[in-house]
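**Student:** What follows is a predicted protein model with its sequence.
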Amino acid sequence: EAGVAQSPRYKIIEKRQSVAFWCNPISGHATLYWYQQILGQGPKLLIQFQNNGVVDDSQLPKDRFSAERLKGVDSTLKIQPAKLEDSAVYLCASSLNQLDQYFGPGTRLLVL
Amino acid sequence: KQEVTQIPAALSVPEGENLVLNCSFTDSAIYNLQWFRQDPGKGLTSLLLIQSSQREQTSGRLNASLDKSSGRSTLYIAASQPGDSATYLCAVNLNYQLIWGAGTKLIIKP
């Protein structure tokens, strides 16, 4: 079974630029999560999708972050414009039953 | 509000030693608890998942215990190896969302 795929693996941008991350969950997993992990901290949930609907986006900075999962499969997370404090690893996870989550390799973002 | 704490934040031990990592949580109404491993700049690898009804889970040299009543879990690593060096995070599943600790950074010295 293929795991959760994410791209790109690394991204370096300047502040005020835009960036987008892509995630392909495990086939059949209805729930998809985006997390932000700042160095030295545990992951913070940004948004949770159930199929193509949003379950929880309470910690998503909606003035600059957006996410979509149009067909209930792949998802994209966008930051526009980026700030220095957005430097982090962005993790995507998927789940079949919301009781255990499978994580992708993450995208490491550096904002200069 | 559920809080998850991991102590110590960092640990350095010689190769071959047995060691214990600790995780505590404030709300015992959890579905399960997971231990993850994270290598520098990488994603998360699930090591062990303990259901709320279970007391422990074992995988190879790893053993995780769960005591819901006291809000504690431990991850025991036997005969540590340099390849075990990584950050270990615990997460509790509360209302179908994971609440995370900040992790313990483990260094195994050859």
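**Tutor:** Thanks, I have it.
**Student:** you'd agree A:S27 is in a helix?
**Tutor:** No. Assigned with DSSP: H, G, I helix; E, B strand; the rest coil, A:S27 falls outside any helix and is coil.
**Student:** surely it meets A:A2?
**Tutor:** Yes. A:S27 sits in contact with A:A2 when judged by CB atoms under 8 Å, with a separation of 7.2 Å. (C-beta placed from N, C-alpha, C; glycine too.)
**Student:** so what's the residue nearest to the spatial centre of chain A closest to, chain neighbours aside?
**Tutor:** Nearest to the mean C-alpha position of chain A, counting by CA atoms, centre = their mean, stands A:W34 at 3.2 Å. Distance criterion CB to CB, 6 or more residues apart in numbering or on different chains; nearest residue to A:W34, sequence neighbours excluded, is A:L46 at 4.5 Å.
**Student:** For that neighbour, give me its contacts.
**Tutor:** The contact partners of A:L46, by CB atoms under 8 Å, 6 or more residues apart in numbering or on different chains, come to A:34-36, A:57, A:59-60, A:65, A:67, A:77.
**Student:** Please, which helix or strand holds the residue nearest to the centre of chain A?
**Tutor:** Remark: A:W34 resides in strand A:31-37, with elements defined by DSSP states H and E.
**Student:** just to revisit the earlier point, isn't the residue nearest to the centre of chain A up against A:L91?
**Tutor:** Yes. Between A:W34 and A:L91 there is a contact under CB under 8 Å: 7.4 Å.
**Student:** Report the mean confidence score over the strand holding A:W34.
**Tutor:** Here strand A:31-37 scores 96 as its mean pLDDT.
**Student:** what stretches of chain A score poorly on pLDDT?
**Tutor:** Within chain A, the stretches with pLDDT under 70 are A:1.
**Student:** Chain neighbours aside, what residue packs nearest to whatever residue of chain B ends up closest to chain A?
**Tutor:** Chain A sits closest to B:W100 of chain B, with a gap of 3.1 Å, by CB to the nearest CB. Sequence neighbours aside, A:G42 is the residue nearest to B:W100 in space, at 3.1 Å (criterion: CB to CB, 6+ apart).
**Student:** tell me the contacts of the one you found?
**Tutor:** Applying CB under 8 Å, 6+ apart, the residues near A:G42 are B:4, B:89, B:91, B:100-103.
**Student:** Check these and tell me the two furthest apart.
**Tutor:** B:A91 and B:A102 (11.0 Å; CB to CB).
**Student:** Looking at those two, which is more packed in?
**Tutor:** Relative neighbour count places B:A91 above the other of B:A91 and B:A102, with 25 against 16, counting by other CB atoms under 10 Å in any protein chain shown.
**Student:** which ones are touching the more buried one?
**Tutor:** Contact partners of B:A91, counting by CB under 8 Å, 6+ apart, are A:42, B:4, B:33-34, B:36, B:98-101.
**Student:** Now it: closest residue in space, sequence neighbours ignored.
**Tutor:** B:L98 (4.3 Å).
**Student:** In this structure that neighbour contacts B:V92, no?
**Tutor:** Yes. Judged on CB under 8 Å, B:L98 makes contact with B:V92 at a distance of 7.1 Å.
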